[in-house]
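Build me a model:
(2 chains)
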Amino acid sequence: MSNYAIELRNITKTFGSVVANKNVNLTLEQGEILSLLGENGSGKTTLMNMLSGIYKPNAGQIFVNGQEVVIQSPEDSKKLGIGMVHQHFKLVDIFSCADNIWMGVDTPTYNLKEKLHNIELEDNTFKSKFNRFGKQLGLVFKAMGYHIANAFLAPSRNKKIKSIIEKFGFDIDPNKKVYEMSVSEKQSLEIVKVLYYGAKTIILDEPTAVLTLQEIQKLFAILKKMKENGHSIIIITHKLNEVKEISDRVAIMRKGEYIDTVDTKSTSIQQLTDLMVGKKINLQINRVQSDIAGPLLEIRDLSIKNDEGAVAIDNVNFYIRSGEILGVAGIAGCGQKELCEAIAGLRHIESGMINHKGESIVGLSPKAIIAKGISMSFIPEDRLGMGLAPSLSIADNVILKDYMGDKWYNPFVNRKIARERATRIVKELEVVTPSIDTPVRRLSGGNVQKVLLGREIDGDPNVIVTAYPVRGLDINSSYAIYDILNKEKQKGTGILFVGEDLDVLLALCDKIMVLCHGKVMGVVHAEKTTKEELGLMMTGSLDLSESKHKNYGIAADSNIVDPTEQVTDSVEGGENDPQ
Amino acid sequence: MEGLMAIVTVLASALRFGAPLLFGTTGEILTEKSGSLNLGVEGTMAIGAIGGFIAGATSNSLFVGMLVAFLCSSLCGLLFSFLTVTLKANQNVTGLAMTIFGVGLCQLIGQTLKTKGKFPAMSEELTHAVASNGIPGLRNIPVLGELLFNYNIFVYISIIVAIIAWVFMFKTKAGLRMRAVGENPGAADSVGINVDRTRYINNTIGSGIMGLGGLYMAMIINIGTWNDNWIGGYGWIAVALVIFASWSPARAIGGSFLFGLLIALQSQVSILANAFPTALGWLNKIPVEFYKMLPFVITALVIIINSIGKKKEGVQPTACGVNYYREER
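Below you'll find the model as predicted:
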């Protein structure tokens, strides 16, 4: 039997009646990178949490370096040299970087008993009895001094942590507070943390979900370096190209069961997809045809500031027509969130216009904006934060937006309608849930997103603003969401789709607007542009907006009547078609 | 000179009224910083008061009284921990129940003894031990002696305990871990800190410290005579003081004595008014209830200022009041 870093045999874990893992077998070889691949809710995180000590398996065996172990707590896991970087970071916000690491550092024991015993063994003669007592007393005092000195937080800890951070090739300030850190800094801190605790086996739960392309490359370089240093790594992901790029082997799970482990070199994306979803799926996203009509939402000279007071959206012009999907591409944090919030009435705008069917919606309350048929669904990085009340049932969440009812004098909630709607959404979107009375927080990520989007669409909006609706979703759930959006588009709804995956944007959207540092770099026809062109625009290397004409981003048939402006149509594709 | 003495008298009273608040506040800060919101301060103090007083008065020893007060209240903390940490009971409800239970038990014991005529009285020796003896020699320095060195032993202990608590929380590794548990138990757990044990220890010791404040109420504020309202809301003021002190035992020292001043003014405002009849004579016209209200008004203002500032630090620990379930998703 070879000496695996980790070996799991017949692991079973149940939560009540739900079987999360069923007879799972998994091996991790010394010094390899293993991808753990599976759809949402296939039990990857649960399985890994049994290694990190968060969960205890109901049955099965765990072997670490060939030895059978029982992991009762995260403390046990740490002692076994297993470190996990959780998807939702486990950091104390108000602590500095150094203190987040330091809080888990154990003071090495002084071994007083052993040392006293050694003295006794050394001097056994009668003569040195007095000497021996003196030495023992000295040791006791030394031990006390040692423990007192180590009980305090030495200011030098920051330096110690800093040298470790540098040693592993990271770039974080040890004095920086976590709440001031970017997502990628937090992740680096988590990795440094487990390395500092001496982890030999490192588990990363969807580490790339929140990172930009450059940050992912940096992370992969670090992982490869760690592998060279002899660390064994498990990386949970469902991005197939990353699997191909980083891992030596791929273990596939489906619906809580272990399917197979394959060598990365000898497999293909198609094969991995087949193994993961269990049936062949068409990787093509349909761009349905619809009747594109006049502009629904028009944005003119819009400027918005972010929470820190810096310019997030800088003098932006664009519009969304009825029956089209306008994609928004851009590196994370270039103003997408602020734009969505401004349209939904959640954020104050500095200047400019937001017009819906010719009427300004600037300054209206979110409620009034909803009443106009503008729906916004934003899936934040942590996927939990916005739009739904986690402890409420699906039914109650579905009527969150219109609990007021039609009749102002009726103070009672109409649960009958809520239940009907919830049942319809669950059925139409194939939400996997025990019942519509289940609290939303008990659902898996994909199902939560389906409920959110389902509610938004159920309100029959004419404008849908949706940001990252497929964030963290598996392939099947993603397609379900694309279908929903396409159906809405055919109904004549105007859709603003803020996305991260360029392939998806290219396949799904009619037009794509590229943002870079809050400025529009250009709006292009998805059919006529290329990934490379979008990439250039995202990084600010290519700016189509300034070259053409001054009315860029203003519709020819604008609803905004402004005699001072010469309005020309600026549908961009034809003119900006790359040669 | 007379005016100066009036000021010194009122300030000294502020410290004497502030000390039991400081015990309660320090204890509650330890509890809340480790993530437990114990609203049972009033009851915990009451248990410490009755237990410590009976033990102290019958054994005729202040030390025994303090020890028993500490232990009795620690038991309250232990019970609170068992209910909220082990059995995961709601902390708010448990804390309120602790208050009702503690105050009720104190009244039951005290009233029963009183009716039977067995309520212990403080001996002269014990009365002398808790009197404002101060530090011999130093207390005779004019003004400064009265202001700094002429208090009962509790006042000094309360300040020392608060300082030790501050050093523990912010300067030691154990304190760092304890704060981690209060901020994000999930993070603390993931690095191998025992969340339940940390909360048990801090709740128990924190409650014990509250007990000393309870004994102070019994022996000094109520000078050892029974009435059925020994703690008289000081426990609740301590809960407010925790917020006022923004969860720092160091700031709690200043806060307690400020609130002590407000309590002192209730009875001694006339001293100030009479000493400065022209400048402060109007103070006599303000009803006593106004001073009773002030601590809570000030606390409310502090909460408002804190939330306007959107500060990340010096606010309630994130996980305070939330029970920790490791397996919750």
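
Indicate the residue of chain B located nearest to chain A.
When distances are taken as CB to the nearest CB, chain B reaches nearest to chain A at residue B:191, 2.8 Å away. (C-beta placed from N, C-alpha, C; glycine too.)

Wait, residue B:232 touches residue B:217, no?
Yes - using CB atoms under 8 Å as the test, residue B:232 is close enough to residue B:217 to be in contact (7.2 Å).

neighbour count winner among those two?
Comparing residue B:232 with residue B:217 by neighbour count (other CB atoms under 10 Å in any protein chain shown), the higher total belongs to residue B:217, at 26 against 16.

shouldn't the more buried one be in contact with residue B:233?
No - under the contact definition of CB under 8 Å, residue B:217 does not touch residue B:233, with a separation of 10.4 Å.

and residue A:139, how many neighbours?
Burial measure for residue A:139: 16 neighbouring residues, criterion other CB under 10 Å.

Show the contacting residues for it.
Applying CB atoms under 8 Å, 6 or more residues apart in numbering or on different chains to residue A:139 gives the contacts A:112, A:115, A:116, A:119.

where does residue B:14 land in three-state SS?
Under the three-state scheme (DSSP: H, G, I helix; E, B strand; the rest coil), the conformation of residue B:14 reads as helix.

what does stretch B:211-218 contact?
B:19-24, B:27, B:44-53, B:56, B:65-66, B:69-74, B:76, B:154, B:157-158, B:161, B:224, B:230-232, B:234, B:238.

Run a quick check on residue A:172 versus residue A:187, I expect a contact.
No - the pair residue A:172 / residue A:187 is not scored as a contact, 10.1 Å apart, by CB under 8 Å.

Pass me the low-pLDDT residue ranges in chain B, would you?
Residue ranges of chain B with pLDDT under 70: B:1, B:309-310, B:328-329.

on that earlier part again, PyMOL command to pick out the buried ones of the contacts of stretch B:211-218?
For anyone working in PyMOL, the buried entries among the contacts of stretch B:211-218, judged by 16 or more other CB atoms under 10 Å in any protein chain shown, can be selected with:
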select buried, chain B and resi 19+20+21+22+23+24+27+44+45+46+47+48+49+50+51+52+53+56+65+66+69+70+72+73+74+76+154+157+158+161+224+230+231+232+234+238
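
helix/strand/coil for the nearest residue to residue B:228 once chain neighbours are set aside?
Using CB to CB, 6 or more residues apart in numbering or on different chains and skipping the chain neighbours, the partner closest in space to residue B:228 is residue B:107 (5.0 Å). Per three-state DSSP, the secondary structure class of residue B:107 is helix.

and the residue of the stretch 251-400 of chain A nearest chain B?
Closest point on the stretch 251-400 of chain A to chain B, by CB to the nearest CB, is residue A:307, at 9.8 Å.

any idea whether that residue is helix, strand or coil?
coil.

What about it, how many residues nearby?
Neighbours of residue A:307 under the rule other CB under 10 Å: 10.

Please name the residues that touch it.
Applying CB under 8 Å, 6+ apart, one finds that residue A:307 lies in contact with no residue.

try residue B:29
The neighbours of residue B:29, taking CB under 8 Å, 6+ apart as the test, are B:165, B:169, B:206, B:242, B:245, B:247, B:248, B:249, B:252.

ditto for residue B:265
If you count contacts by CB under 8 Å, 6+ apart, then residue B:265 has B:10, B:272, B:291 around it.
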